[in-house]
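*Asks:* The sequence and its predicted three-dimensional model are supplied below.
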Amino acid sequence: MEPSVRQRGRSTSKTVQEQLPSQQSTSGKAGFRLKYVILFLCLLFTAIFLGTYFLLGAIGIGYDTLSSGILPSNLKGHFAKGDEIDLSKPKDDLPAKAKPSLKQPNSKALPLPTIVWWTDKLFPHFQGQNTVKIECEPHQGGLGTCLVTTDKNVLSDPLARGVMFYGSDFRAYEAPLPRQPWHEWALLHEESPLNNQIFSHDVMMSQFNHTSTFRRESHYPITTQHINNLEYFTERKPFPLNVKNQHREKLAPIVYIQTHCNVPSDRDRYVKELMKYIDVDSYGKCLNNKKLPESLRDPVESMEAKEFHDFIARYKFHLAFENGICEDYITEKLIRPLHVGSVPIYRGSPSVKDWMPNDHSFILADNFDSPQKLAEFIKGLDKNDKEYLRYLEFKDKGIDNELLRDTMAKRVWGVNEWRKPSFINAFECYLCGRIVERLEAEQAHERDPSAPLLPPSMANGNHVGCPEPTVSFGDISGVARGEDIHFWKEDYWGSKDQAVALKRMIDRGATDSSKLFEELQKMFAEGLLESG
Ligand SMILES: *[C@@H]1O[C@H](CO)[C@@H](O)[C@H](O)[C@H]1NC(C)=O
């Protein structure tokens, strides 16, 4: 065997060697001239290339190599947030040699720790850019330099460390499998369980390494996402009480404006019941009984407009019912009435008082045994000016709440503030910082095994953890089969089954998450499904 292989090899190389000279010899003098033509062309091209090189250098578009040897320096100092690197297509406007060599998808040569936006609709960089270098400083959320990309092909690269998910767009049957040991999953979820109940389950949450959610327990909490700044609570003074009382001749004591009906918190059943005992002006789609003035009809445009605020500020009370009941899930439904100086009647986060201006600035619906009892209380307050005004004292006295003051003072991100990053960009930088930190510990450990590695980072149920949806009042047995609350309960358990199926697939190294439904069928056969 061996000799024949070697012989074949030798004979092949011999033919190649023999072919070249024989070609040259057969073409005789033409071949001789050709040699000089090629040499001349080579020199010409070298001259052109060097000329271009030095010319570009002189006008400041030269390049050198980064430590990783890949990125052109003309982009280097320039890669602030928002600058693009294309991992797949060559850049036409760069000298040939300066083109980054990490062009191919699946490149083994990511130059920097990289965050892949798996759900990419929220990719927080200029549209059309799919790979951007971010240089993060602590005041932006974290310390480190990373690439962020929507290019999913890089996931097999060991420097593709972070995988970013926007909660509302996350689907277990689209999860990035196989999950490599270096993949750190990061969850950004500021929405309610209305959008995705899968995060209500420990089994799902423990798959994430880094979280940014409305829960204060998450790694990078965004509980105050609907509070522009502390002044937002107090800057606008309420209408004087005599003005509000005058309006009461034509208006109900309570206003309700909701366009999203039949949500997991079962709020519309509650409000409908409440309406039997006290007048509620309802301008939204849900339980509508009044029309908004024409000028206020566009909800996106007008909900934060002064005109709209003036309109709702005439009401003494506001129904502020969240669409899902989760600890720390607090939205503009609650913050807006506080801003305009109307007393919120709140149903939502059980610990909401921790984020309120003071302990007497809101009314908790759940403190009353029934909607009827709540109605009686509001009627009493409507007639008692002195008691009513106590709820608005914070407007003059300011914010007592230490936790709120402290959290707002330390917050590095802003809400629509051009000087501060959004919480999306801030979490991206936080993640970058954590990834770089771990990577550096690994590198130090490689050089000196006595240097410690970092312990794993994992989330748990407390980082979202919304309980199973339940009735807003009364007993579930009294609620008709067709009511949505039954659907939300089903959905809750169905999402848990999906989370379990995904974990089983991750644990055995499955590579195709679209097979999730087959996994669910297997679980069904094994009697493991919790949903009906
Ligand atoms: C990330 O989370 C997974 C699942 O909980 C865990 O196995 C892994 O060790 C974590 N990785 C890091 C770097 O913390």
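*Replies:* Perfect, thanks for sending it.
*Asks:* Walking through this protein, point out its strands one by one.
*Replies:* 114-117, 131-136, 144-149, 160-166, 184-189, 210-213, 254-256, 280-282, 317-321, 343-347, 363-364 (DSSP state E).
*Asks:* partner strands of the longest one, parallel or antiparallel?
*Replies:* Strands flanking strand 160-166 in the sheet, each with its direction: strand 114-117 (parallel), strand 184-189 (parallel) (DSSP bridges).
*Asks:* Just give the nearest non-adjacent residue to whichever residue of the stretch 201-350 of the chain sits closest to the ligand, would you?
*Replies:* Using C-beta to the nearest ligand atom, the single residue of the stretch 201-350 of the chain nearest to the ligand is Asn209, 3.8 Å away. For glycine as for every other residue, the C-beta is placed from the backbone atoms N, C-alpha and C. Of all residues not flanking Asn209 in the chain, Glu184 sits nearest, at 4.2 Å (C-beta to C-beta, 6 or more residues apart in numbering).
*Asks:* Just give the number of residues close to the one you found.
*Replies:* Under the neighbour criterion other C-beta atoms under 10 Å, Glu184 is assigned a count of 21.
*Asks:* How about the residue of the stretch 301-450 of the chain at minimum distance from the ligand, nearest residue that isn't a chain neighbour?
*Replies:* The minimum distance from the stretch 301-450 of the chain to the ligand, using C-beta to the nearest ligand atom, falls at Arg438 (6.1 Å). Using C-beta to C-beta, 6+ apart and skipping the chain neighbours, the partner closest in space to Arg438 is Leu454 (5.0 Å).
*Asks:* May I ask you to confirm that that neighbour is in contact with Leu439?
*Replies:* No. With contact defined as C-beta atoms under 8 Å, Leu454 does not reach Leu439; the gap is 9.6 Å.
*Asks:* Tell me where the stretch 301-450 of the chain has helices.
*Replies:* Per DSSP state H, counting those that start in this stretch, the stretch 301-450 of the chain carries helices over the ranges 306-313, 332-340, 371-383, 385-390, 394-397, 402-410, 423-447.
*Asks:* can I assume Ser295 is in contact with Lys306?
*Replies:* No. The criterion here is C-beta under 8 Å, and Ser295 misses it with Lys306 at 11.8 Å.
*Asks:* what sits in contact with each of these two?
*Replies:* Residues touching both Ser295 and Lys306 (C-beta atoms under 8 Å, 6 or more residues apart in numbering): there are none.
*Asks:* Quick check: the residue nearest to Arg438 vs Gly142, distance?
*Replies:* For Leu454, the distance to Gly142 equals 14 Å [C-beta to C-beta, to the nearest Å].
*Asks:* ok, back up a step: residues contacting the residue nearest to Asn209?
*Replies:* Going by C-beta under 8 Å, 6+ apart, the list of residues near Glu184 reads 161-163, 209-210, 431, 434-435, 438, 457.
*Asks:* coming back round to it: Leu454 and Leu439: which is more packed in?
*Replies:* Leu439 (19 against 13).
*Asks:* How many neighbouring residues does Arg215 have?
*Replies:* For Arg215, using other C-beta under 10 Å, the count is 25.
*Asks:* now do the one 3 residues further on
*Replies:* Applying the criterion other C-beta under 10 Å, we find 26 residues in the vicinity of Ser218.
*Asks:* Make residue 1 into 637 and carry on from there
*Replies:* Okay, residue one is now 637; in that scheme the one you just asked about reads as Ser854.
*Asks:* doesn't Met841 make contact with it?
*Replies:* No. If you go by C-beta under 8 Å, Ser854 and Met841 don't touch, sitting 9.6 Å apart.
*Asks:* Spit out the residues that contact those two alike.
*Replies:* Counting by C-beta under 8 Å, 6+ apart, the residues touching both Ser854 and Met841 are 847, 1095, 1099-1100.
*Asks:* neighbour-wise, which of the residues you listed leads?
*Replies:* Ranking the shared contacts of Ser854 and Met841 using other C-beta under 10 Å puts Val1100 first, with 32 neighbours.
*Asks:* Cool, thanks, signing off.
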